[in-house]
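# Provided below are the primary sequence and the corresponding predicted coordinates.
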Amino acid sequence: MTPHRSALDQRHRALGASLAALTFLGFQPAYAQDEAPSGDVPALAAPQARKVAAAQTYTAEDFARFKPRTALDMLRQVPGFVIRQAEEEERGLGQASTNVLIDGKRVSTKSNDVVTELTRVPAATVTRIELLDGATLDIPGLSGQVANVVTESGRINGQFAWEPQARPYHTDPLLTRGSLSLSGTLGPVDYTLGLENRSSRSGAGGGTVITSPLGVPVEYRDDVWSTHAEQPRISSRFAIDGPGSSVGNLNFSYGRLYYDYVEYGERTRPDGDDRDRDVVVEQNGYDYEIGGDWEFSLGTGRLKLIGLDRFEHEPFRQTIFTRPLAGALAGDRFVATGDSTERIGRAEYRMRALGGDWQLSGEVAFNALDNVSALYVLGTDGAFEAVPYPEGTGRVEEERYETIVSYGRPLSPSVTLQLAGGAEYSELRQIGNGGQERSFLRPKGSVSLAWKPSAKTDISLRAERAVGQLDFIDFLAQVDLDEENENAGNPDIVPQQSWSFEAEGKRGLGPWGSTTLRVYAESIQDIVDFVPIGEAGESPGNIDHAVIRGAEWASTLQLDPAGLPGMKLDALIVLQDSRLDDPLTGRARPISDERQRLIELNFRHDVPHTDWAWGSDLYYERAAKSYRLTELGRLYEGPVWFALFAENKDVFGLTMRLSVDNILGGRSRWERIVYEERRTGPVAYFEDRDRLIGPIFGFSVSGSF
């Protein structure tokens, strides 16, 4: 559960790097094992990897200099590997989408992402990390590099982390962020218990200039905002071994959200119409998830049954107060309460036949949103009075049925093929606000090819036909009082469909590290972006076609061979382009808010023969402008973020780290053009926001018990 996504949200981070000379050279990674001694490659925990090529294996000794506390600490040090998380609003459980497995299995929970799960796996229990090509596994949906974190259960292991933070400007200290987890074995049951608080503080302050179409300033704004967010969560995971060859998992999590945003502003105008303005946003909600799976032998194969039940309660309130120097206090309020439900039942049957691995899967899913919205205006008596707003209230629900058959087999000692095909049938219903009922039948599937031409090189190809997940709130009207925007709601919206194509190549650079290049393209039908609604409204809706093209280069450069022991450089560069025809003008433009480029560079020096490490992080990101009916603009922070850190890995058995972020003075910016009507071109005003964030001082202490 995350704070309400609106113009109030502040996008964070940005990094930069170059490294172009060392692509696809020809050496083996320094501390990786492409083949185990005497050819004895440890078997991948179930499900099995097809015997096409040996896994690239990293053991605890390979990470010794980092003294990792968790599996995440270890995986982040694997050369050239980039963790890909599942999409925030993934459609059901479906096929695998993240590129990380734990003990050969997908993380079958939606409330906790794979990064969170990895923080709960103690490094002491990790026996090895295997890098494989996803197409060589009998898990449909995987391609390219996949990391399998293999653990060994046993004694009780506990770990904790505390991560306070302080900022000198506009932000209260953060003292409540931390985590605690405990794992162990009790008879046939491996368990992990977790308690964490993903708390945060942020803030910025400074000026905004509003200018007329002729460039004449018409208003000066001086605003200061700050946020407080507390997201405590408890979770548990139980893995059951037996009886016989059966295995099972049971997951539970419960989380709360306490979020508030406060902004105080002064607005000064040349015409003397000065005023003060306050914005208050509040969210207090909760969510829970219960899920599990059970796998057992059946006939010549194995059957896995999966179930999940998830619920979110998300109340939201935004209030605006305006105090003119001359005149009465004015106020507006928007209130919405959304209850989201998701229930999934899934069955997977795996077997070997015709020289390969088969899987037949079926999934039934039910999603629903009940939303109640209301608008209020401050009356002369100082009380808020309701304004009719029925278009913001309603229920949206979807029933979905999916069947996929997959088949994978080696074509040669170095080539593996994986095929998957099937269909999805769904019924989409809306009750209230012009609701209707519709049904859809859509094909889905993928083809993946993995090729290992040498021990140093891995190449994979993938094509997929997919169906996207809708955000049900887009069916109903919403208001952003702060930015004076309104979504009219769209009862005609449908899930987008896409063809995606991807090629990935990884090359070992011997003692220098490794490098990976991924190129991709996506053709999307019925993409969701802002479209006109009625004569003057707008809302997320479908546009016929869009294209995304991009390239991602991830590399790790070990500097030991250059005479700089303990130093390494990790680089990630993403270049992306997107295109669709604007529904207002008909001209080609990028997809709203779509990433255009990202550059990330992380340097780390573990000082030999000491427990000290230091380094720096540089991050840069740029996204396309946001396009609406009456405006276009870019909201961002940074755009360049630079941080320095120092770390001691053994302070009375603890790891302590000091960091300073935003050293280069990244700002909170919004560059916006507001039109009378963007189709015909008359500009109402220009807005240029420039707010100070300031440096961010961080401290962390982590340990094991």
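Happy to help now that I have it. Keep in mind that this is a model prediction, so the values were computed, not measured. Residues are numbered from 1 along each chain as shown.
# alpha carbons only for contacts and neighbour counts from here, please
Will do.
# okay, now the closest residue to Arg595 other than its chain neighbours: neighbour count?
Nearest residue to Arg595 in three dimensions, chain neighbours excluded: Ala623, at 4.2 Å (Cα to Cα, 6 or more residues apart in numbering). By the criterion of other Cα atoms under 10 Å, Ala623 has 18 neighbours.
# mind listing what Ala623 touches?
Neighbouring residues of Ala623 by Cα atoms under 8 Å, 6 or more residues apart in numbering: 593-597, 634.
# let's see 6 Å
Going by Cα atoms under 6 Å, 6 or more residues apart in numbering, Ala623 touches 593-596.
# How much space separates it from Gly633?
Ala623 is 11 Å from Gly633, where distance means Cα to Cα, to the nearest Å.
# cool, and Gly248?
Counting by Cα to Cα, the gap from Gly248 to Gly633 is 50 Å.
# Mind jotting down where the helices sit in the stretch 101-250 of the chain?
Ranges of helices within the stretch 101-250 of the chain are 114-119, based on DSSP state H, counting those that start in this stretch.
# For it, give me the ranges with low pLDDT.
Scanning the stretch 101-250 of the chain with the threshold set as pLDDT under 70 gives 108-112, 138, 140-141, 143.
# The chain now?
Ranges of the chain meeting pLDDT under 70: 1-55, 86-90, 94-97, 108-112, 138, 140-141, 143, 433-434.
# any chance you could map the helices in it?
With helices called from DSSP state H, the chain shows them at 71-75, 114-119.
# Setting aside sequence neighbours, what's the nearest residue to Ala347?
Leaving aside its chain neighbours, Ala347 sits nearest to Leu305 (4.6 Å; criterion: Cα to Cα, 6+ apart).
# Quick check: bridge partners of that neighbour?
Under DSSP bridges, the beta-bridge partners of Leu305 are Trp294, Ala347.
# likewise the one 10 residues further on?
Here Pro315 sits in beta bridges with Thr337, going by DSSP bridges.
# Once you drop chain neighbours, what's closest to Asp287?
Leaving aside its sequence neighbours, Asp287 sits nearest to Glu312 (Cα to Cα, 6+ apart; 4.2 Å).
# mind checking how far the one you found is from Gly392?
Note on Glu312: its distance to Gly392, by Cα to Cα, is 18 Å.
# okay, those two: which has more neighbours?
In this view Glu312 and Gly392 are compared by other Cα under 10 Å, and Gly392 has more residues nearby, 24 against 20.
# shouldn't that one be in contact with Phe475?
No - under the criterion of Cα atoms under 6 Å, Gly392 is not in contact with Phe475, lying 8.9 Å apart.
# residues near Gly215, how many?
A count of nearby residues for Gly215, using other Cα under 10 Å, gives 10.
# Then the one 10 residues further on?
Using other Cα under 10 Å, Trp225 has 21 neighbouring residues.
# OK, contacts around it?
Here Trp225 is in contact with 203-204, 262-263 (Cα under 6 Å, 6+ apart).
# Look up the closest residue to it, ignoring the ones flanking it.
Once flanking residues are discounted, Trp225 sits nearest to Glu263: 4.1 Å by Cα to Cα, 6+ apart.
# again with Gly338
Closest to Gly338 by Cα to Cα, 6+ apart is Asn371, at 4.3 Å.
# mind checking how far Glu219 is from Ala330?
Between Glu219 and Ala330 the computed distance is 19 Å (Cα to Cα).
# quick one, which of the two is more surrounded?
With neighbours defined as other Cα under 10 Å, Glu219 and Ala330 compare such that Glu219 has more, 19 against 16.
# what's across from the more buried one in the sheet?
Going by DSSP bridges, Glu219 is paired in beta bridges with Ile210.
# same check, this time on Asp570
Beta-bridge partners for Asp570, by DSSP bridges, are Thr556, Asn602.
# likewise the one 5 residues further on?
According to DSSP bridges, the partner residues bridging Leu575 are Ala551, Arg597.
# got it, and the one 4 residues further on?
Applying DSSP bridges to Arg579 gives these bridge partners: Val547.
# wait, doesn't it sit right on Arg589?
Yes - the pair Arg579 / Arg589 is scored as a contact, 5.4 Å apart, by Cα under 6 Å.
# hang on, the earlier thing: can you tell me which of the contacts of Ala623 lies nearest to Asp381?
Comparing the contacts of Ala623 against Asp381 with Cα to Cα places Asp593 closest, at 42.1 Å.
# List phi and psi for that closest one.
phi 60, psi 10 (degrees, to the nearest 10).
# For the closest residue to Glu677 other than its chain neighbours, list the residues it contacts.
Among residues not flanking Glu677 along the chain, Thr630 sits closest, at 5.3 Å (Cα to Cα, 6+ apart). Residues counted as contacts of Thr630 (Cα under 6 Å, 6+ apart) are 674-675, 677-678.
# now do Asp133
Counted by Cα under 6 Å, 6+ apart, Asp133 has contacts 144-146.
# Of these, just say which sits nearest to Trp294.
Checking the contacts of Asp133 one by one against Trp294 (Cα to Cα), the nearest turns out to be Val146, at 23.6 Å.
# In this structure Val280 contacts Thr319, no?
Yes - under the criterion of Cα under 6 Å, Val280 makes contact with Thr319 at 5.2 Å.
# what's the spacing between the residue nearest to Gly338 and Val387?
17 Å.
# Those two: which has the busier surroundings?
Taking neighbours as other Cα under 10 Å, Asn371 and Val387 compare with Asn371 leading, 21 against 12.
# need the contact list for that one.
Neighbours of Asn371 in contact, by Cα under 6 Å, 6+ apart: 337-338, 393-394.
# same deal with Ala135?
By Cα under 6 Å, 6+ apart, the contact set of Ala135 is 142-143, 418, 448, 450.
# Take those residues and keep only those in strands.
Mapping the contacts of Ala135 onto strands (DSSP state E) picks out 418, 448, 450.
# Let's have those residues in a markdown table, adding neighbour count.
Formatted as a markdown table, these follow (neighbours: other Cα atoms under 10 Å):
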| residue | neighbour count |
| --- | --- |
| Gln418 | 28 |
| Ser448 | 26 |
| Ala450 | 28 |
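# Let me have the residues you listed in CSV, extended by distance to Asp103.
Formatted as CSV, the ones in strands among the contacts of Ala135 follow (distance: Cα to Cα, whole Å):
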residue, distance to Asp103
Gln418, 21
Ser448, 22
Ala450, 21
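# Which of those residues sits closest to Arg689?
Nearest to Arg689 among these is Ser448, at 46.6 Å by Cα to Cα.
# Tell me how far the closest one lies from Leu132.
For Ser448, the distance to Leu132 equals 14 Å [Cα to Cα].
# and if you look at Glu230?
From Glu230 across to Leu132, the span is 38 Å (Cα to Cα).
# And for Val683?
Distance, Val683 to Leu132, using Cα to Cα: 54 Å.
# More neighbours: which of these two?
Neighbour count, other Cα under 10 Å: between Val683 and Leu132, Leu132 has more, with 24 against 17.
# The more buried one contacts Val146, correct?
Yes - taking Cα under 6 Å as the definition, Leu132 is a contact partner of Val146 at 5.3 Å.
# Format the CA atom coordinates belonging to stretch 206-220 as CSV.
The C-alpha trace of stretch 206-220 is given here as CSV (Å, rounded to 0.1, in the frame of the first residue of the first chain):
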residue,chain,number,x,y,z
GLY,A,206,11.1,27.5,-2.3
GLY,A,207,9.6,29.7,-5.0
THR,A,208,7.3,29.2,-7.9
VAL,A,209,6.7,31.8,-10.6
ILE,A,210,3.5,32.0,-12.7
THR,A,211,3.9,34.0,-15.9
SER,A,212,1.3,35.1,-18.5
PRO,A,213,1.5,33.9,-22.1
LEU,A,214,3.6,37.0,-22.8
GLY,A,215,6.1,36.0,-20.1
VAL,A,216,5.0,38.6,-17.6
PRO,A,217,5.0,37.4,-13.9
VAL,A,218,1.5,37.4,-12.5
GLU,A,219,2.1,35.5,-9.3
TYR,A,220,5.0,34.6,-7.0
